[in-house]
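Colleague: have a look; sequence and predicted model below, questions after that.
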Amino acid sequence: MRYPQAGMTQTSVRLHRWDEIALEKVTEMLSRKIVSGDREMMVQSYVKRGCLVPMHAHESEQMTYVLHGALKFLVGGEEITVREGEVLHIPAGIQHQAEALEDTFDLDVFSPLRLGWLSGGDSQVI
């Protein structure tokens, strides 16, 4: 069992329920739900087969856990296919793109936060 660290208050602990978070339609091919803390964020992504997230890089370290389906990444010139039950770690600042080989449901973790995604006005995929 984990105990709160010194200085942690009850008000800093938050419970999130995915089924109570609105689904954000980013494109016709991609939708997401976001949960954010102070220094990291989790994103449920629903990606339709054929969706291509173009080449990009960001200051956030990224972990992508495929819960259902398959994604083909191009990372640093290397093709990596990530299937159900697998996790891909992409270090901060590394150029990458992703293509959905099947309808895919994945969980992404980013640290630090992708602030542009939290503003509400930014509907960019990357």
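Modeller: Perfect, thanks for sending it.
Colleague: and the residue nearest the centre of the chain, what are its bridge partners?
Modeller: By C-alpha atoms, centre = their mean, the chain has its centre lying nearest to Asp108, at 2.7 Å. Following DSSP bridges, Asp108 is listed with bridge partners Val43, Thr64.
Colleague: which residues touch it?
Modeller: Met42, Val43, Ser45, Gln62, Met63, Thr64, Tyr65 (C-beta atoms under 8 Å, 6 or more residues apart in numbering). Backbone N, C-alpha and C define where each C-beta goes, glycine included.
Colleague: how about Leu107?
Modeller: Met42, Val43, Gln44, Ser45, Thr64, Tyr65, Leu67.
Colleague: you'd agree the fifth one is up against Val82?
Modeller: Read it as Thr64. Yes - Thr64 is within contact range of Val82, at 6.3 Å (criterion: C-beta atoms under 8 Å).
Colleague: related to what we said a few turns ago, Ala92: which of the contacts of Leu107 is nearest?
Modeller: Set against Ala92, the nearest of the contacts of Leu107 by C-beta to C-beta is Thr64 (14.0 Å).
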